[in-house]
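K.L.:
just coords:
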């Protein structure tokens with residue numbers, strides 16, 4: 001019974017994402033693309049180049065320059081000379097805000113001239129020039145839209161592959177649960193919502209003292225079955241590079257997971273059940289392994305069936321989104337995910353690290 005949630009997830013819930021989104025008629029609503037950036041001179045040219053080439057009739061780009069000390073401002077001004085729909089919002093002092101990114105977004109969002117807001121990060125780029133069109137397509141009848149931020153390894157390191165795998169598993173879960181009306185998170189690398197939703201939530205007031213969560217905590221607070229939709233389409237993704245050292249990965253995950261403690265109780269129970277079920281698949285195997293051959297064969301079959309189910313879901317997902325993932329990594333990565341859940345889960349409880357990157 002402990003492993004049953006895993007089979008329900010991978011055999012019945014996740015498969016709902018296999019069907020491609022059909023963009024029959026673009027909404028063409030005005031869209032404000034908002035990016036918070038701090039010392040992003042290295043990444044901004046590539047992002048702004050991609051954003052200015054978007055095939056969409058009515059959009060603006062707002063770059064929130066959060067106390068940058070590099071050439072960020074100069075780059076924004078240079079692009080503004082050629083593209084008047086680019087606006088810079090300067091943050092000179094955040095008054096020691098607990099969450100600098102939330103403070104920056106709170107200053108930038110009121111500057112948007114459109115009701116419909118689309119967010120990404122400065123180190124990301126849209127996967128195609130149809131990104132705004134695809135992500136905003138459901139704004140005619142939804143207020144919150146959940147996209148996918150995909151990682152593309154640069155050096156093919158183990159940490160990069162593992163980050164990609166963990167992100168894939170996370171995306172498959174929150175996107176598929178959203179498809180059946182359970183919305184508990186989104187990612188700031190690719191998310192959209194209306195000004196009205198932001199105002200209704202009173203901005204980030206409810207969780208302003210949590211350093212992360214400008215994305216998932218807002219979704220957790222405001223998303224409902226009738227006002228939220230997830231997008232899974234080859235043109236809807238943003239892409240970025242994963243951390244290339246375990247240290248960078250570790251602190252990135254601590255920031256991300258610190259928000260999970262503030263989810264709704266029902267969402268924490270759901271995710272806790274899935275995590276416990278995942279751990280049980282391996283722990284039961286290790287505990288009962290010495291007993292007899294019959295148990296060994298039975299548990300080995302369960303392990304194999306689960307890996308096969310995840311592999312099929314992964315292959316289907318990459319075909320649906322025109323992305324790539326080496327499926328033969330899955331057995332190793334899945335076992336590594338157990339260690340990740342234990343180590344990062346424990347660390348997130350005791351860590352006090354507050355970093356805005």
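P.N.:
Noted; the coordinates are in hand. Note that the structure is predicted; figures quoted are calculated from it, not measured. Numbering: from 1, shown residues only.
K.L.:
Distance-wise, check the nearest residue to residue 315 once chain neighbours are set aside relative to residue 110.
P.N.:
Leaving aside its sequence neighbours, residue 315 sits nearest to residue 327 (Cβ to Cβ, 6 or more residues apart in numbering; 5.8 Å). Where C-beta positions appear, they are placed from N, C-alpha and C, glycine not excepted. Counting by Cβ to Cβ, to the nearest Å, the gap from residue 327 to residue 110 is 45 Å.
K.L.:
The two: which is more packed in?
P.N.:
Neighbours per residue (other Cβ atoms under 10 Å) separate residue 327 from residue 110, with residue 327 holding more: 14 against 11.
K.L.:
show me what contacts the more buried one?
P.N.:
311, 314-315 (Cβ atoms under 8 Å, 6 or more residues apart in numbering).
K.L.:
if you set the cut-off to 10 Å instead, what comes out?
P.N.:
Contact analysis of residue 327 by Cβ atoms under 10 Å, 6 or more residues apart in numbering lists 307, 310-312, 314-315, 318.
K.L.:
Let me know the pLDDT of it.
P.N.:
Reported pLDDT at residue 327 in the predicted model: 88.
K.L.:
do residue 255 as well
P.N.:
75.
K.L.:
where exactly do the helices run in the chain?
P.N.:
Here the chain has its helices, by DSSP state H, at 4-8, 44-52, 72-82, 100-108, 131-135, 158-179, 195-200, 216-222, 246-257, 265-288, 293-321, 330-350.
K.L.:
and the fifth one, what does it pack onto?
P.N.:
What it means is helix 131-135. For helix 131-135, the packing partners by 3 or more Cβ pairs under 10 Å, 6 or more residues apart in numbering; DSSP states H and E come out as strand 31-37, helix 44-52, strand 116-119, strand 125-126, strand 144-146, strand 191-194.
K.L.:
So which elements touch the first one?
P.N.:
The one in question is strand 31-37. Using 3+ Cβ pairs under 10 Å, 6+ apart: strand 31-37 touches helix 44-52, strand 59-66, helix 72-82, strand 86-91, helix 100-108, strand 116-119, helix 131-135, strand 191-194.
K.L.:
Name every strand pairing with it and say which way it goes.
P.N.:
strand 59-66 (parallel), strand 116-119 (parallel) (DSSP bridges).
K.L.:
Out of these, which one sits most buried?
P.N.:
Compared across these, strand 116-119 shows the largest average neighbour count, a mean of 25 (mean count of other Cβ atoms under 10 Å).
K.L.:
average pLDDT across it?
P.N.:
For strand 116-119, the per-residue pLDDT averages 98.
K.L.:
Also stretch 10-26?
P.N.:
80.
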